[in-house]
Each structure stands twice: as C-alpha cells, then as structure tokens.
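Student: The sequence isn't on hand, but the structure is:
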C-alpha cells in the first residue's frame, strides 16, 4: 500500500537502462537526452545513467584515441546546455583525460554547471573485462583536485575548472555519492565509508553483462549494501549489444534500507528505459539512528570532500507525495534467460549491421534447433514490441506537458536531429522495415517476420537419417522460415573423386574397412562443404527472391563442444554469429523443453528425445554414430570439467582431487583419473580451434572463448607429463595398489571423433603411435 507523507523530506529519483552503441555519439546523445526527459516527466530531480554511456562501454582500444575523448566532451557540452536537462541533477558516464591520464568517470552537472567529475577507483579486470588496459584507477581516496576543462566544456559552462576526484555532491538537504560498477563488487566498497560520512544516496553507473544466473548475485549485493549502512542505492546499467560478444542486461534498480523499490526489465528491445522511485529521506535517518554502532563508527569516520550545490532537491510542494512501496525481486529462470538474452543480442546485431536476416544450417539436431528457437524468440519479441499499445510510453507522453521536445537545431558542438525515433514501437518497426526493405510492412504475427528474415537449410547426405530431415522440416514449418531441403552428395563425391584422381587412393569409412585418418577425412569433407554452401546461400538467397541485403550466417556449436574441440575447424561451427556458443548442452536441453511449450514449437519435443549425432558416418546394424560415444564423455561430465577448469581454476591434478570426492559414488578412482587425463589431453589437442571460434553470445562463465574471456596457449604439451604422473601416484595411493608407471600416458578410451580430428590432422602420428613425442597442432 502506498503511503502519503508530508513534503520537505520526499525526493523522486530516476535511474535508467540505455542501449548504447560504441562510438555512436549521436545516437548515444539522443538516448541520454530521452532518458532525462522521461525522468523529469516522472517528477525526478536526479537522473543516473550507465557506465561510459556517452562513448559506449565497448570502445576498447578506441579509448586510446584522442577523437573518442573529443567527441565525448562535445556530447557532454551539448547535454549541459540543453534546455531539457535544466532543473534536474544529471549524472552521466564518459572517459575523461586528466593530466594526460585516462579515467573512467562520472560527470555530474546541474543547471549548466559541472559540479564534479568522479573517476572510477576499482577497475574490472576479470573475465571479459580489461579496463586497466585503457584506464587508470583513481588512487587518492577522499581527495579531489581541480581539473582544467577542455575548451568545448569551458565554452558550454563558463567554468575554467571542475573538482575531480573522490568527492560527494551535497545539496541543501541530501548528500549523493558515486560508485562505478566494479566498486559495488569489490571487498572494500566505497558506499560503506560514504554512508558513515552521511551520504544518503549511493549511485552506481554500471556496464555489467549478462551471464546465466548472475542477476541473483547482483541484486544481493545491491540490497545488502543498504541493509548494512542504510540509504538509497541507485543502480543503472547498459542494456543491449554494443558491438561485442556480451549482452548488457539492464535491470536498473532502486533500493532503500535493504529493500527493493523499483526494478527495470532485464531483457528488452526498448533502447531507453527509465525507472523511478519516490522516497522519504527521513527513513534513512531513522534507519541509521536506530543502530548505535552506526553512530559510533560515523563519529570517527574521515570526511569526504563535499561539493556544494545551492538547491533543495526534496519536494517543496505543500501537497502530499506517494512513497514508492517495496516490491519483491523478479528473476527469470535460466530457460527464459536463454530465450530472451541471445534473442535481444541477435536483434541488436541485425538492425545495426545493415544486413537482411539470418541463414541457419538446420540439421534437425538439438543445437541447430535451439538456435532456430532463439531466432524465433527474437521474432516474437519484435512482433510484441510492435503490436503492444506501449501503455508505459503513452503514460510518459501524457505527463510530458512541461517537457517539450525541441525541434532539430544546432547545439554547441554537434548538429543532431532530435526528432527521429529513439525507443519503443516506432523504432522497432522502423528497424524491421529497413531490414526487410519494405516501409509498408507491418507484421501480423512472429511467423510473418520469420518468413522475411530467417532462412534455413537442411544439407543432407547418404549418412543423414529421415528422422533428422523430418525434424528440420517440421520445425522450420512451425517457425515459418524460408526453408530449403537439399542433398550435397554430388559435391562430396566430386571432392572424393578429385582426391582419388590425384593420389590413386579410394577413401573408405571405418565401417567400410578404412583406417582412422580416412574416416576422419571423409567426415570433414561433408562438414566443410556445408560451411562453404552456407555462405553461398547466405549471400544470394535474398537476391533470388528480389529482396535487398545479405544474410548473417549463424553457427550452432554449444560451449561444451567448443571446450572439448568436438567440431571440425571451418565447418558449420564457423559462421558470423553463434547465439548458443556460450551455453551448455544441459541448459540447452532445458531451454528446448521450455521453448516447445512457451513458444508453441511442439516439434522441439521430438528433437529433445533424439540422441545427439553428427550423422557423418554410414549407419550400419552394428554401428550408429553418437556425439557422446565420439567424445568419450557425456555432456554432463563436460560441464563439470569446464566449471572446474575455468571457474575453480583447476589443473589436471587438482581437478582429479576434487572429482575423486565428487564422483566417488559413480566411478572407481582409476576411472576418474583416466577421465580427467583424457579430457585434458583432448582439450590440449583441440585448443587451437578456439582461436578461430565464431563470435558467440557470452552466457557461461566457463566459456573457452580465446578472443578475450579465456586466455590460454593454443600449443600445449599434450602429454601433461608431470600432472598425469601426480594423478597416477594419487590413484595408486587411494586404491592401495601398485604405482602406475607411465611416461607417455594415453587414455584407455579410443573415442576420437571427426571434429576432434581437425587437431590430429596437423600431427604426423595417431593417438596410439609409439612415435608420438608431442602432438603439435598447427592448422
């Protein structure tokens, strides 16, 4: 129930999620401006935005360029003088150069004056983050100094300098202190010290990307921050794909005294989302005053430099204001996260790339079916965004009487058209019509969208089954993709004939009496032909229908197969984008079961019950190829190996020690030792494949992505001599048997697959060769 209180201690605050794009200075300016307008329309007196929102978070090495800083200053100058940013305190994120040092900063301004530039003090350097490559942390705690302003900001503000450093903004009635992203996660967070010095409102402009199940941890940190010290915590985040492998998942939050007041959406096609809350500042004072320990620690707490602003931010109206009630946090289940996150990421990539849709080799297996389901989920989201009445935006428009959008004009530094769509139905529809090349197209269903932008193809051979062909056809029919069913045997035969003509040798599969290398080569021919055909059809299929644009080719290798190397280098796993490349097989199975019902794709249930198979070898009465037999391990085991390797930082020996306990009821000690050794040997042999792995949506924190997330060698000593000897010695002790003496340990498992063979092709020996000193993998 909303509570009415007297004015004078009531304040309305606004935070937001913005879908910014690296180096899109004009678009970023317009989205920031729109968020300020919406904040003012809701009665807010303070607006917080995401980290580096002016430049976009993912500029990376463009932060080395002076142009990036110049254009950020120009945008900041335009924001400061814009009539729509007056009478509200605005907090924006941008890179700033001070004394020839680059800093990741917050700029806080009010009524044409820069109040404070607050640099980030704790850099994110784990996982996908490399902030210290471009920025230096501010090391002078509770210290500010004067920064000389560049000319474009001097002209806009009339100021020669601005306080720069670890300070707080103090109005006549509230104190506001800043954190930036990683500072919330660090052990010695600033909000505790600021709270002891009387700060009421903590702000955090963040650039936090999505991982499955990560939001729980983020909200716990935010709620616990104010549960211990009291106060308001405002959290703003980037949202969308700003040009990289990650998706920033928004979810702007406002919390008070350990309880949640407002929570924005985690996945959205809207480029601007503003979240507001009205709070009574006296609740903070009461909360802290009830804790004697707060008073004692506050009394001896060092002071922060205060930057005064001569204004009352609390409501001076004689009328009562409704206080925002508390709410329960909302979390998507992992299956929903998979349906929504990669779908939004794909939409951003498609609309910003200028291309005409997607092409997917649809095999009828779980992975490609999952990718198709995610593309269809994107179509559902696009259709919903267009079809919805968008009540929230209409309500915003209704409250917008005193916040008038200015006509296109020349600002102090940039000439920007402010009247083009920034968010909501108009933007989504404009993007869709541009993609399909038809400005009259208004879809009546998700299937109509899929028919225009999604192309699928089943590329069969004599080794393909009727079941996979039928599953692909059924799923494509439910989605309404433009589907093609072709056979590629003639092309495969031509390549085989060419080899026979040159060498005089006729290649045979294993089931036909061929040896290991022949069997691998014949499988790889099929796999690589499919990649070549994917790009041919991706380029020309829209042209055959008289449509504009070319297609983005989608891959569909999951994170476990990438870790194991269970793929042919430059097969259909090589593509423009891979929406499932950061998702485990176990999670994909759950997603497919979820999508069959939630997206009304019943054919996915038949995919779920089928055994995963590459269908690259002939099927006989005695032999049917399956993925897990090929890999020599189950997908569940692969997930465990991956988490221990990356999240728990286990090498072979420490992994064995953990699994000796975890799997003691499933396998014998010697079996566990062999499984660990086999995994690390296959991982080492195939690591080179990750250097060319398709850019994939980052969803799992054990991803083997070599580009940025998982930096490791791709040339290993595949024998792991010392770690494997330690495992053997420990096995001997645990089993109380004789020591196992091995110089060149090999797995007892003989499973070596077509995909794994890509690594072996670069060696002069096979797995069992006595000449194998070290299997060097160069191609």
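Tutor: Nice, I can see it. Fair warning: this is a prediction, and the values are worked out from it, not measured in the lab.

Student: From here on, just use CA atoms for contacts and neighbour counts.
Tutor: Fine.

Student: and the nearest residue to residue 659 once chain neighbours are set aside, how many residues sit next to it?
Tutor: Excluding its sequence neighbours, the residue lying closest to residue 659 (CA to CA, 6 or more residues apart in numbering) is residue 672, at 7.0 Å. For residue 672, the tally of surrounding residues (other CA atoms under 10 Å) stands at 23.

Student: Surely residue 672 and residue 661 touch.
Tutor: No - Residue 672 is not in contact with residue 661 according to CA atoms under 8 Å; the separation is 9.9 Å.

Student: if we can go back for a sec, confirm the residue nearest to residue 659 sits in a strand?
Tutor: No - assigned with DSSP: H, G, I helix; E, B strand; the rest coil, residue 672 falls outside any strand and is helix.

Student: Could you pull up phi and psi at residue 170?
Tutor: Phi and psi for residue 170, reported as degrees, to the nearest 10, are phi -120, psi 110.

Student: That one reaches residue 307, doesn't it?
Tutor: Yes - between residue 170 and residue 307 there is a contact under CA under 8 Å: 5.8 Å.

Student: between those two, who's got more neighbours?
Tutor: Neighbours of residue 170 and residue 307, each counted by other CA under 10 Å, are more numerous for residue 170; the result is 20 against 17.

Student: State the distance from the more buried one to residue 268.
Tutor: Distance, residue 170 to residue 268, by CA to CA, to the nearest Å: 35 Å.

Student: swap in residue 493?
Tutor: 48 Å.

Student: Can you pull out the low-pLDDT segments for the stretch 251-400 of the chain?
Tutor: 316-320, 389-400 (pLDDT under 70).

Student: go again using 50 as the cut-off
Tutor: 390-400 (pLDDT under 50).

Student: Now do the helices in it.
Tutor: 281-289, 292-299, 334-353, 366-387, 391-398 (DSSP state H, counting those that start in this stretch).

Student: and the lengthiest helix in the chain, what does it pack onto?
Tutor: Across the chain, the longest stretch assigned as helix under DSSP state H is helix 516-544. With contacts taken as 3 or more CA pairs under 8 Å, 6 or more residues apart in numbering; DSSP states H and E, helix 516-544 sits against strand 358-361, helix 489-503, strand 552-553.

Student: Buried residues, it. List them.
Tutor: 516-531, 533-535, 537-542 (16 or more other CA atoms under 10 Å).

Student: what do you get for stretch 55-73?
Tutor: 55-59, 63, 68-73.

Student: Helix or strand: which one has the nearest residue to residue 650 once chain neighbours are set aside?
Tutor: Leaving aside its sequence neighbours, residue 650 sits nearest to residue 644 (CA to CA, 6+ apart; 5.6 Å). Following DSSP states H and E, one finds residue 644 within helix 635-646.

Student: what does residue 618 give?
Tutor: Per DSSP H and E: nothing holds residue 618, as it lies in no helix or strand.

Student: so how far is residue 271 from it?
Tutor: On the measure of CA to CA, residue 618 and residue 271 end up 50 Å apart.

Student: cool, residue 151 as well?
Tutor: 31 Å.

Student: ok, back up a step: residue 618 and residue 271: who's more crowded?
Tutor: residue 271 (23 against 17).

Student: Now for residue 477: which residues touch it?
Tutor: By CA atoms under 8 Å, 6 or more residues apart in numbering, residue 477 lies in contact with residue 483.

Student: now it, what's its secondary structure?
Tutor: helix.

Student: Now do it against residue 451, distance only.
Tutor: 10 Å.

Student: Next: residue 173.
Tutor: In terms of CA to CA, residue 173 sits 58 Å off from residue 451.

Student: circling back: so for residue 493 and residue 268, which residue has more residues nearby?
Tutor: residue 268 (25 against 13).

Student: just checking, the more buried one touches residue 342?
Tutor: No - counting by CA under 8 Å, residue 268 does not reach residue 342; the two are 11.3 Å apart.

Student: Could you list which residues are in contact with the nearest residue to residue 538 once chain neighbours are set aside?
Tutor: Spatial nearest neighbour of residue 538, chain neighbours left out: residue 551 (4.8 Å); criterion: CA to CA, 6+ apart. By CA under 8 Å, 6+ apart, residue 551 lies in contact with 355-359, 538-539, 542.

Student: please redo it, this time with the cut-off set to 10 Å
Tutor: 350, 354-360, 453-455, 534-542, 576 (CA atoms under 10 Å, 6 or more residues apart in numbering).

Student: helices and strands around the helix or strand harbouring residue 727, which ones?
Tutor: Assigned by DSSP H and E, residue 727 falls within helix 721-735. Where contact means 3 or more CA pairs under 10 Å, 6 or more residues apart in numbering; DSSP states H and E, helix 721-735 is packed against helix 652-662, helix 669-686.

Student: dump the residue contacts of the residue in the chain sticking out farthest from the centre.
Tutor: Computed with CA atoms, centre = their mean, the residue of the chain farthest from its C-alpha average is residue 504, at 50.5 Å. Contacts for residue 504 (CA under 10 Å, 6+ apart) come out as 497-498.
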